[in-house]
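**Student:** got a sequence here, can you build the structure:
(chains A and B)
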Amino acid sequence: GAVVSQHPSRVICKSGTSVKIECRSLDFQATTMFWYRQFPKQSLMLMATSNEGSKATYEQGVEKDKFLINHASLTLSTLTVTSAHPEDSSFYICSATDLSGGRGSTDTQYFGPGTRLTVL
Amino acid sequence: RKEVEQDPGPFNVPEGATVAFNCTYSNSASQSFFWYRQDCRKEPKLLMSVYSSGNEDGRFTAQLNRASQYISLLIRDSKLSDSATYLCVAYSSASKIIFGSGTRLSIRP
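**Tutor:** Coordinates of the predicted model:
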């Protein structure tokens, strides 16, 4: 199956700092990437949908100025948590899919391994 | 009401047993459905897609009932390694993807 990487896998930072998380599709072009957040013992909550070359679409309740998303290429999307606070501590997971409609495209999502963010 | 609902479990069954989960969805416009498996502190991994005609992959069988708006997952001859949380996912469009809260399964020796 397709491979999606995330970096870093784990980050611990002080309150008030910004943290950037990268999501890369390694063997396919991801027209669309999704960013999720998962708190302990809860399901994944979709934060935003990122389309290459356009602005991200944020879910209700997600602050776009706090969670900056950039999808500059077909293989890379970044999520920046600005001025992180302890309540932002969570497991952030990206997924990627190819929805171009071209050969090999599918709506199956392939998940990155996740980034565990701890804000002190 | 949640758009995708699952019994959170936990389901605790002996090795070798057959276990089934259901997942209901409220949006009749939902087009695609999947089952994912998530191990503790790991990312979800695709288990199988769910088709109207039903599909089987080894010990796993998935069914979709559009009339009643639910999908199901059946696991036969369960193994210890099947212990995980199983998430059902419904897509109503490329940008509308809803995860269920997951059903925890624990297989005991």
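
**Student:** per-residue confidence for residue 16?
**Tutor:** The chain I'm using is chain A. Looking at residue A:16, its pLDDT is 96.

**Student:** if you could check chain B rather than the one you did, that'd help
**Tutor:** 97.

**Student:** the nearest residue to it once chain neighbours are set aside in helix, strand or coil?
**Tutor:** Nearest residue to residue B:16, sequence neighbours excluded (Cβ to Cβ, 6 or more residues apart in numbering or on different chains): residue B:77, at 5.8 Å. C-beta: built from backbone N, CA, C; applies to glycine. With DSSP: H, G, I helix; E, B strand; the rest coil as the basis, residue B:77 sits in coil.

**Student:** and residue 65, what does it touch?
**Tutor:** Chain wasn't specified; assuming chain A. residue A:82 (Cβ atoms under 8 Å, 6 or more residues apart in numbering or on different chains).

**Student:** could you do chain B instead?
**Tutor:** Contacts for residue B:65 (Cβ under 8 Å, 6+ apart) come out as B:71, B:72.

**Student:** who's it bridged to?
**Tutor:** Taking DSSP bridges as the rule, residue B:65 bridges to residue B:70.

**Student:** how close does it sit to chain A?
**Tutor:** Residue B:65 sits 20 Å away from chain A, going by Cβ to the nearest Cβ, to the nearest Å.

**Student:** again with residue B:102
**Tutor:** Counting by Cβ to the nearest Cβ, the gap from residue B:102 to chain A is 5 Å.

**Student:** count of neighbours near that residue?
**Tutor:** If you count neighbours by other Cβ atoms under 10 Å in any protein chain shown, residue B:102 ends up with 26.

**Student:** that one contacts residue B:86, doesn't it?
**Tutor:** Yes - using Cβ atoms under 8 Å, residue B:102 is in contact with residue B:86, at 6.5 Å.

**Student:** what is in contact with those two at once?
**Tutor:** Shared contacts of residue B:102 and residue B:86, counting by Cβ under 8 Å, 6+ apart, come down to B:6, B:38.

**Student:** not counting sequence-adjacent ones, nearest residue to residue A:69?
**Tutor:** Nearest one to residue A:69, counting by Cβ to Cβ, 6+ apart, is residue A:56 at 4.0 Å.

**Student:** that older thread, got the phi and psi for the residue nearest to residue B:16?
**Tutor:** Dihedral angles phi and psi of residue B:77 (degrees, to the nearest 10) take the values phi 50, psi 60.

**Student:** so how far is residue B:18 from it?
**Tutor:** 7 Å (Cβ to Cβ, to the nearest Å).

**Student:** before we move on, what about residue B:5?
**Tutor:** Taken as Cβ to Cβ, the span from residue B:5 to residue B:18 is 22 Å.

**Student:** quick check: which element contains residue A:37?
**Tutor:** Following DSSP states H and E, one finds residue A:37 within strand A:32-38.

**Student:** you'd agree residue B:30 is up against residue B:91?
**Tutor:** Yes - applying Cβ under 8 Å, one finds residue B:30 in contact with residue B:91, separated by 6.4 Å.

**Student:** and the pLDDT at residue B:46?
**Tutor:** Residue-level pLDDT assigned to residue B:46 equals 86.

**Student:** can you tell me which helices and strands the worst-scoring helix or strand of chain B on mean pLDDT packs against?
**Tutor:** Every helix and strand of chain B was ranked by mean pLDDT, DSSP states H and E. The lowest is strand B:96-99, at a mean of 78. Strand B:96-99 sits against strand A:45-51, strand B:84-93, with contacts defined as 3 or more Cβ pairs under 8 Å, 6 or more residues apart in numbering or on different chains; DSSP states H and E.
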